[in-house]
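Undergrad: Quick one, structure for this:
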Amino acid sequence: MNFINEINDILWTYILIIMLLGCAVWFSIRTRFVQFRMLREMIILLSESAGKGKQGEKHVSSFQAFAITIASRVGTGNLAGVATAIAIGGPGAVFWMWVIALLGASSAFIESTLAQLYKIRGKDSFVGGPAYYMKKGLKQPWMGILFAVLISITFGFAFNSVQSNTICAAAEHAFGFNHTVLGGVLTALTLVIIFGGIRRIAHVSSIIVPVMALGYVGLALVIVLLNITHLPEVISLIISHAFGWEQALGGGVGMALMQGIKRGLFSNEAGMGSAPNAAATANVTHPVKQGLIQTLAVFTDTLLNCTCTAFIILFSGAPLDGSSNGVQLTQQALTNEIGASGSIFVAVALFFFAFSSILGNYYYGEANIRFITAKKWVLHTYRILVSGMVLFGSVATLDLVWSLADITMALMAVCNLIAIIFLGKYAIRLLSDYRAQKKAGIQSPVFRKETMPDIEKDLECW
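TA: Numbers count the residues shown, from 1 in each chain. The predicted model follows:
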């Protein structure tokens, strides 16, 4: 465990935080803060795409791709990750989660726009993501394979162990369920679904999860309104713990910074390279359209959902002394606010959030396993290993699970950030093209690969 923590500290302290913040600031400047100045355009594009999509159409709509990424983001990262950040890093961690979302949204724009640019045609929809733009854009197939391996491990193994661990912790707190027994049930369900009826269950989940997400946000907003007079006090607490002299002298600012960025990245995934896999599937007329919509997804996740959880915890007066951690801290906070039903609500909501994320995480992995090889036995082996990690996560300690997820997430993010540093110039050129068409009076800009002759031969779908 000490060895894992040492690797974790090196990756996060000396490599990833510098790269994440560096890319976020650089892309914000290079795009002239696209995440802020084009916010209205993002909302318009999302609202327009929500009503599109003909029955029987094989392509994924822009709104559906947005919904896929929101469904994968809303859940453990919002309910458990925020609580872990506050418990370890203090209230100041919330401030740094906001910062990484506000600045990191520019990285999300770049990676999703690139995923659209280099996507290819699949059997039922477009296919793409970092592995594809590394192979086609950077001309580095080995790097694409490396990323595919990392995302398959990160999402299929590490993140799924986090999901099952959190489900079991919440169920134990609310109902007293045994981790091993519930872990066995989750593993069996996962095996049955990924080897067979995934499409039917995924369809049901796509209906249930948004309802549960809206229910959670609605409940959080009610709690905020009931405690509205304490809002200035809570905001002051967050700011003071992020910058206060007392915290700085005690090392609290550094801990808040690290936890805020770690848990913020786990939740909003900006720059990590996961969301582009969904962004690439969308059928749009210009790559920038989906880049803008995926940028909005980062704001939706962190500035809305994560902030709701943070306010619930800080309003409740739940102890931040480490006696409660992860989702159990969120449950205790809700129990303080609305009674015993709060703990049950979180456990039920989290089951739907996290279990659907297990399936979604598996599909991120499967898509990249297929990028590496078409051999069926490799895919079947991967499915069995994914199910095994679900069982492992249900009985492992919370610290071990999060540490493993942090390491694999860091390696994957480093790989993706290197790629978008070199390829980001193409996304910026696309943004200029999009803006020029809008200024010329074109309501719905259309991209043609002839406008980028230097890479035209690499663009299959334009």
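Undergrad: Can you read off the pLDDT for residue 108?
TA: On the pLDDT scale, residue 108 is placed at 92.
Undergrad: Surely residue 159 and residue 362 touch.
TA: No: contact between residue 159 and residue 362 fails when scored by Cβ atoms under 8 Å: they sit 9.9 Å apart. For the C-beta atoms, the positions are set from N, CA and C on the backbone; glycine is no exception.
Undergrad: who touches both of the two?
TA: Residues touching both residue 159 and residue 362 by Cβ atoms under 8 Å, 6 or more residues apart in numbering: none at all.
Undergrad: Looking at those two, which one has more neighbours?
TA: Applying other Cβ atoms under 10 Å to residue 159 and residue 362 shows that residue 159 carries more neighbours, namely 31 against 25.
Undergrad: Which residue, other than its chain neighbours, is closest to the more buried one?
TA: Spatial nearest neighbour of residue 159, chain neighbours left out: residue 361 (5.1 Å); criterion: Cβ to Cβ, 6 or more residues apart in numbering.
Undergrad: mind checking which helix or strand of the chain has the lowest mean pLDDT?
TA: helix 245-249 (a mean of 45; mean pLDDT, DSSP states H and E).
Undergrad: Over the longest helix along the chain, what's the mean pLDDT, rounded is fine.
TA: Criterion DSSP state H: the longest helix present in the chain is helix 398-439. For helix 398-439, mean pLDDT rounds to 86.
Undergrad: packing partners for it?
TA: Here helix 398-439 touches helix 2-9, helix 17-30, helix 92-117, helix 130-136, helix 141-153, helix 160-175, helix 252-268, helix 287-299, going by 3 or more Cβ pairs under 8 Å, 6 or more residues apart in numbering; DSSP states H and E.
Undergrad: what's the average pLDDT for the second one?
TA: Summarised as a single mean, pLDDT over helix 17-30 is 88.
Undergrad: What is the distance between that helix and the centre of its chain?
TA: Computed by Cα atoms, centre = their mean, to the nearest Å, the chain-centroid distance of helix 17-30 equals 18 Å.
Undergrad: Mind giving me the packing neighbours of it?
TA: helix 92-117, helix 252-268, helix 398-439.
Undergrad: Please export the C-alpha coordinates of it as PDB.
TA: C-alpha atoms of helix 17-30 as PDB (Å, rounded to 0.1, in the frame of the first residue of the first chain):
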ATOM      1  CA  ILE A  17      -1.300  18.400 -11.800                       C
ATOM      2  CA  ILE A  18       1.300  20.400 -13.800                       C
ATOM      3  CA  MET A  19       0.100  18.900 -17.100                       C
ATOM      4  CA  LEU A  20      -3.600  19.300 -16.300                       C
ATOM      5  CA  LEU A  21      -3.400  22.900 -15.200                       C
ATOM      6  CA  GLY A  22      -0.800  23.700 -17.900                       C
ATOM      7  CA  CYS A  23      -3.000  22.400 -20.700                       C
ATOM      8  CA  ALA A  24      -6.100  24.000 -19.200                       C
ATOM      9  CA  VAL A  25      -4.600  27.400 -19.000                       C
ATOM     10  CA  TRP A  26      -2.900  27.100 -22.400                       C
ATOM     11  CA  PHE A  27      -6.000  25.900 -24.300                       C
ATOM     12  CA  SER A  28      -8.100  28.500 -22.500                       C
ATOM     13  CA  ILE A  29      -5.700  31.200 -23.800                       C
ATOM     14  CA  ARG A  30      -5.400  29.700 -27.300                       C
END
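Undergrad: tell me the angle it makes with helix 92-117.
TA: 60 degrees (axes from the mean of the first three to the mean of the last three Cα atoms, to 10 degrees).
Undergrad: So which elements touch the helix or strand just after helix 17-30?
TA: Downstream of helix 17-30, the next assigned helix or strand under DSSP states H and E is helix 34-37. Counting contacts by 3+ Cβ pairs under 8 Å, 6+ apart, helix 34-37 packs against helix 92-117, helix 287-299.
Undergrad: can you redo these as JSON lines with distance to residue 243 and mean neighbour count?
TA: Shown next, in JSON lines, are those (distance: least, Cβ to Cβ, whole Å; neighbours: other Cβ atoms under 10 Å):
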{"stretch": "helix 92-117", "distance to residue 243": "7", "mean neighbour count": "28"}
{"stretch": "helix 287-299", "distance to residue 243": "23", "mean neighbour count": "27"}
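Undergrad: Now render these as TSV, adding distance to residue 186.
TA: As requested, these are arranged in TSV below (distance: least, Cβ to Cβ, whole Å):
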stretch	distance to residue 186
helix 92-117	28
helix 287-299	27
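Undergrad: Out of the ones you listed, which gets nearest to residue 187?
TA: helix 287-299 (30.0 Å; Cβ to Cβ).
Undergrad: The longest helix of the chain versus helix 287-299: what angle between them?
TA: 140 degrees.
Undergrad: Determine how far helix 398-439 lies from the middle of the whole chain.
TA: With Cα atoms, centre = their mean, you get 12 Å for helix 398-439.
Undergrad: Could you do stretch 455-462 as well?
TA: 28 Å.
Undergrad: Just the C-alphas of that stretch, formatted as PDB.
TA: Only the C-alpha atoms of stretch 455-462 are listed here, as PDB (Å, rounded to 0.1, in the frame of the first residue of the first chain):
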ATOM      1  CA  ILE A 455      -4.500  16.400 -43.100                       C
ATOM      2  CA  GLU A 456      -7.300  15.900 -45.600                       C
ATOM      3  CA  LYS A 457      -6.300  12.300 -46.400                       C
ATOM      4  CA  ASP A 458      -6.600  11.300 -42.700                       C
ATOM      5  CA  LEU A 459     -10.200  12.500 -42.400                       C
ATOM      6  CA  GLU A 460     -12.600   9.700 -43.300                       C
ATOM      7  CA  CYS A 461     -16.000  11.100 -42.400                       C
ATOM      8  CA  TRP A 462     -15.800  14.700 -43.800                       C
END
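Undergrad: Give me the residues contacting it.
TA: So stretch 455-462 is contacted by 117-121, 126, 136-137, 426, 447-450, 452 (Cβ under 8 Å, 6+ apart).
Undergrad: Columns distance to residue 218 on top of the helices and strands packed on helix 398-439, output as CSV?
TA: Formatted as CSV, these follow (distance: least, Cβ to Cβ, whole Å):
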stretch, distance to residue 218
helix 2-9, 36
helix 17-30, 31
helix 92-117, 21
helix 130-136, 35
helix 141-153, 33
helix 160-175, 19
helix 252-268, 19
helix 287-299, 18
